[in-house]
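# Predicted model, plus sequence, below.
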Amino acid sequence: MSHPQPVYIPRESADWQYKDEPGRARYRYRLLIDASGGPTAGLIHGIAEFPADGGFEAAHRHNLPQTSHVLSGSGRAWIGQREFRARAGDTFFIPAGTMHGWQAGDEALVLFWSYPADRFDQITYDFQDT
């Protein structure tokens, strides 16, 4: 049985990916840890940045649970039937199958997120009808 080995990922190596889907999302993200960079023992980490000028991700759900921690900025989060003010330092746990969404406020909203999987392509997105 092989054991995961340490992996160092310099900050310059993770490219930003852009999501601009009318009615669904407008933000950018970058993967920090997933199996494309080496064995991860079932962890995926990333950062999402929702710009202050209309950044959002519409209501959707995933096949796996998610955690999100607000690194900076502020905005709103919808999880299930509840709405929250999202501020730097707040952490959210979102169970698998739970509808949720994000919207930046007057400043960019920056989230650190994680999933219990090896690769980001194992995460499904099911958007609520918009």
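Now that the structure is in, tell me what you want to look at.
# Which residues are in contact with the residue lying closest to Glu107 once chain neighbours are set aside?
Residue nearest to Glu107 in three dimensions, not counting chain neighbours: Gly73, with 4.6 Å by Cβ to Cβ, 6 or more residues apart in numbering. In this view, the C-beta of every residue, glycine as well, is placed from N, C-alpha and C. By Cβ atoms under 8 Å, 6 or more residues apart in numbering, the residues touching Gly73 are Phe50, Ala52, Ala88, Ala104, Gly105, Glu107, Ala108, Leu109, Val110.
# Show me which of these is closest to Glu12.
Nearest to Glu12 among the contacts of Gly73 is Val110, at 18.0 Å by Cβ to Cβ.
# residue contacts, Pro65?
Per Cβ under 8 Å, 6+ apart, neighbours of Pro65: Phe93, Ile94, Pro95, Ala96, Tyr115, Pro116.
# if we go to 10 Å?
Phe93, Ile94, Pro95, Ala96, Gly97, Thr98, Ser114, Tyr115, Pro116, Ala117 (Cβ atoms under 10 Å, 6 or more residues apart in numbering).
# Much appreciated, bye for now.
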